[in-house]
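Engineer: Return atomic coordinates for the entry below.
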Amino acid sequence: FIFAATSFHTASDFIFQMLQKPLTNVGTSLPGTLIANFFNSFLWLFGIHGTNVVSSVFNPMWASAALDNLTAYKAGETLKYIVTMDYTNFFMFLGGTGLTLPLCFIMMFGCKSKRIKSVGKIAVLPGIFNVNEPIIFGLPIVLNPIMIIPFFLAPIVSILVSYAAMYFGIVPYPTGVSIPWTTPAPIGGWLMTGSWLGGALQLVVLFLAGIIYYPFIKMLDNKYLAEEEAADSEANKEVIE
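Structural biologist: A predicted model of the protein is given here:
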């Protein structure tokens, strides 16, 4: 009765206007997205499922932004939000946390270590569908000082490049239409924006991620290769003896 006498009309509208809407603006901003990405990557480095932890906090904001965009899209109005649920799925978490999909291909075709090549072969198929636990725990990336830098840097570059492309009108904003998070690139980006430019943008950020990962995985490849050669040499010595 009290809320009905105000401009809010209902208690739920009061909560939405006073709490959820301001929080949505923070959570969907570029700084808010970078903060979410930092904690996501940081937790994964210790083997904690950072995506689930971060999503439990930010999903309500990203889902609300997606709903607002969808309402505007249906009405033919200007879309307001860049960062929505689908944006995070297909740019922040593209190929899994850390954008490791191009890393899988580098491991398969650009590395000499048997260990790295075998992990790349196992991880590439799940990675295409945005699942990358095989590479996070198999390479591993968890507690791996060599891979920490690209694991943090690749999604930051993806966020900055994709956000700028949408902000400056090169690529359309997400329409708010819900797309399964396992949809592979470039299909996911195409469907979430309603334009082939969204898919092309995914390919661009994956290419950039590959460039970022290459020197670091080669360092690890040289390290593992030396260990494998030393182990083979020791085994051959034992056979001779």
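
Engineer: Show me what counts as buried in the helix or strand where S41 lies.
Structural biologist: S41 belongs to helix 30-44 when assigned by DSSP states H and E. The neighbour-count check on helix 30-44 (16 or more other CB atoms under 10 Å) flags G32, T33, A36, N37, N40, S41, F42, L43, W44 as buried. (C-beta placed from N, C-alpha, C; glycine too.)

Engineer: Grab the nearest non-local neighbour of the first one.
Structural biologist: Read that as G32. Residue nearest to G32 in three dimensions, not counting chain neighbours: V26, with 5.0 Å by CB to CB, 6 or more residues apart in numbering.

Engineer: now the fifth one
Structural biologist: Of all residues beyond its chain neighbours, the one nearest N40 is G50 (4.0 Å), with distances taken as CB to CB, 6+ apart.

Engineer: ok, now which ones touch the one you found?
Structural biologist: F39, N40, S41, F42, L43, W44, T97 (CB atoms under 8 Å, 6 or more residues apart in numbering).

Engineer: Roughly how far does it sit from T84?
Structural biologist: Distance, G50 to T84, by CB to CB, to the nearest Å: 19 Å.

Engineer: List phi and psi for the residue minimising distance to the centre of the chain.
Structural biologist: For the chain, F93 is the residue whose C-alpha lies nearest the centre (CA atoms, centre = their mean; 1.6 Å). Main-chain torsions, F93, degrees, to the nearest 10: phi -110, psi 20.

Engineer: What's the per-residue pLDDT of it here?
Structural biologist: Predicted confidence (pLDDT) at F93: the value is 94.

Engineer: Pull the contacting residues for it.
Structural biologist: Residues near F93 by CB under 8 Å, 6+ apart: N40, T51, N130, P155, W181.

Engineer: Let me know the helix or strand that the residue nearest to G32 is in.
Structural biologist: Assigned by DSSP H and E, V26 belongs to helix 21-27.

Engineer: could the contacts of G50 go into TSV alongside pLDDT and distance to S64?
Structural biologist: Below are the contacts of G50 laid out as TSV (pLDDT from 0 to 100; distance: CB to CB, whole Å):
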residue	pLDDT	distance to S64
F39	89	20
N40	92	19
S41	93	24
F42	90	25
L43	90	24
W44	93	25
T97	92	23
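
Engineer: any idea what sits nearest W181, other than its immediate chain neighbours?
Structural biologist: Nearest residue to W181, sequence neighbours excluded (CB to CB, 6+ apart): N89, at 4.1 Å.

Engineer: N130 is in contact with that neighbour, correct?
Structural biologist: Yes - with contact defined as CB atoms under 8 Å, N89 counts as touching N130 (7.2 Å).

Engineer: got any residues that touch both of these two?
Structural biologist: W181, G188.

Engineer: list the helices and strands the helix ranked longest in the chain packs on?
Structural biologist: Determined from DSSP state H, the single longest helix within the chain is helix 196-240. For helix 196-240, the elements it packs on are helix 101-110, helix 114-128, helix 148-167, helix 187-193, judged by 3 or more CB pairs under 8 Å, 6 or more residues apart in numbering; DSSP states H and E.

Engineer: measure N52 to E133 for me?
Structural biologist: From N52 to E133 the distance is 12 Å (CB to CB).
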